[in-house]
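1. Sequence first, then the predicted structure, then my questions.
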Amino acid sequence: MSVTDAFDAVAGSYDQARRRLVPCFDAFYGTAVEVAAPPLRAALAAGRTPEVLDLGAGTGLLALLLSAAVPGVRMTLVDGAPAMLAVAAGHLAARGVPHRAVHADLADPLPAGRYDAVVSALAVHHLDDDGKRALYRRAADVLAPDGVFVNAEQVAGPTPALDRRYDEVWTARIVELGSDADEIAASRARMRFDRPATVADQCHWLGEAGLVDIDCFFKEWRFAVLGGRRPR
Ligand SMILES: C[S@@+](CC[C@H](N)C(=O)[O-])C[C@H]1O[C@@H](n2cnc3c(N)ncnc32)[C@H](O)[C@@H]1O
């Protein structure tokens with residue numbers, strides 16, 4: 001089974017488990033939205049429809065939060081799991097958010113366009129490190145000048161000991177939040193596909209891709225929000 005098959009299999013129940021499995025849900029997604037919002041608000045102020053590309057959009061969680069925070073955006077969603085994308089398209093259509101859903105692999109050429117923001121949540125860590133670096137370059141290339149890239153991501157600890165600590169803390173938190181044994185086992189089965197990288201490596205790759213104002217805007221154990229801006 002591939003990673004996208006694994007997500008397709010849980011598309012119908014994915015949303016309900018998110019607040020348990022991402023214990024810092026509000027701050028994590030909320031920070032990603034705030035990092036992405038300035039160029040979108042600037043486009044609206046200039047009388048343009050802001051264009052957003054969401055990589056590994058899944059059921060559209062981040063796209064929905066972003067379109068609620070900045071009404072008027074147009075979303076392009078990319079994902080390799082058609083059932084996840086279908087849920088996302090349904091949510092966005094129900095809220096009247098203009099969008100297109102593109103069934104593609106993250107290694108494929110990105111949908112053509114000039115995006116004010118390229119965003120991603122909990123998807124890039126499924127790529128190997130060369131794939132992440134290449135994707136960061138391609139994401140930077142499709143950004144408009146002053147456009148922002150933001151990746152709300154699951155990261156590796158900087159040392160094996162810290163990585164183990166991240167896992168202990170995450171497991172304790174999700175149990176506190178009500179994850180049962182089945183949910184934890186299913187989540188761990190999906191995590192076999194994870195290839196997280198450290199914050200330091202990923203910020204370096206964002207710089208290699210030509211972005212500036214690179215930062216880790218939020219971090220709580222294994223959950224981090226990284227991003228940067230394409231210079232004018
Ligand atoms: C954990 S979900 C995150 C979904 C959404 N961004 C969110 O925050 O809830 C990861 C998503 O990335 C997609 N994905 C993983 N690897 C992919 C790849 N190589 N190409 C396309 N999509 C991929 C999966 O299908 C899944 O929908």
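-> Yep, it's here. Predicted model, so just to flag it, every value in this text is computed and none were measured.
2. for the protein, which strand is longest?
-> Ordering each strand of the chain by length in residues (DSSP state E) puts strand 143-154 first.
3. Let me know the helix or strand that the residue of the chain found nearest the ligand is in.
-> Going by C-beta to the nearest ligand atom, the ligand is nearest to residue 58 of the chain, at 2.4 Å. Any C-beta I mention is one placed from the backbone N, CA and C, and that applies to glycine too. Using DSSP states H and E, residue 58 sits in no helix or strand.
4. Distance check, it against residue 7.
-> Counting by C-beta to C-beta, to the nearest Å, the gap from residue 58 to residue 7 is 7 Å.
5. centre of the chain versus the longest strand of the chain, how much separation?
-> The chain centroid and the centroid of strand 143-154 are separated by 10 Å under C-alpha atoms, centre = their mean, to the nearest Å.
6. same check, this time on stretch 171-186
-> On C-alpha atoms, centre = their mean, the centre of stretch 171-186 falls 22 Å from the chain's centre.
7. Could you do stretch 153-171 as well?
-> Here the centre of stretch 153-171 is set off from its chain's centre by 19 Å, with C-alpha atoms, centre = their mean.
8. Repeat that for stretch 65-84.
-> Distance, centroid of stretch 65-84 to centroid of chain: 11 Å (C-alpha atoms, centre = their mean).
9. Over to that stretch now: how far is its first residue from its last?
-> 17 Å (C-alpha to C-alpha, to the nearest Å).
10. Name the residues of that stretch that come out as buried.
-> Across stretch 65-84, burial judged by 16 or more other C-beta atoms under 10 Å covers 65-67, 70, 73-81, 83-84.
11. out of those residues, which touch the ligand?
-> Counting by C-beta under 6 Å from any ligand atom, 79, 80, 81, 84 from the buried residues of stretch 65-84 sit close to the ligand.
12. Would you confirm that the third one contacts residue 10?
-> No. The criterion here is C-beta atoms under 8 Å, and residue 81 misses it with residue 10 at 9.5 Å.
13. export the ones next to the ligand among the buried residues of stretch 65-84 to TSV and tack on secondary structure?
-> Written out in TSV, the entries for these read as follows (DSSP: H, G, I helix; E, B strand; the rest coil):
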residue	secondary structure
79	strand
80	coil
81	coil
84	helix
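14. Turn those residues into CSV, including pLDDT.
-> Putting those into CSV (pLDDT from 0 to 100) gives the following:
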residue, pLDDT
79, 98
80, 97
81, 97
84, 96
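15. picking that back up, show me the contacts for the residue of the chain closest to the ligand.
-> 7, 14, 79, 81, 84, 87, 88, 121, 122, 123 (C-beta atoms under 8 Å, 6 or more residues apart in numbering).
16. Show me which of those are buried.
-> Buried subset of the contacts of residue 58 (neighbour count, 16+ other C-beta under 10 Å): 7, 14, 79, 81, 84, 87, 88, 121, 122, 123.
17. So what touches the longest helix seen in the chain?
-> Longest helix in the chain, counting residues (DSSP state H): helix 25-45. Outside helix 25-45, the residues that touch it by C-beta under 8 Å, 6+ apart are 18-19, 22, 49-52, 61-62, 65-66, 69-70, 72-73, 116-117, 119, 121, 144, 146-148, 150, 152, 217-218, 220, 223, 225, 227.
18. any idea of the mean pLDDT for stretch 63-75?
-> Mean pLDDT, stretch 63-75: 98.
19. again, but for stretch 14-34
-> The pLDDT scores in stretch 14-34 average 95.
20. Run the angle between the longest helix of the chain and strand 143-154 for me.
-> Here helix 25-45 runs at an angle of 170 degrees relative to strand 143-154 (axes from the mean of the first three to the mean of the last three C-alpha atoms, to 10 degrees).
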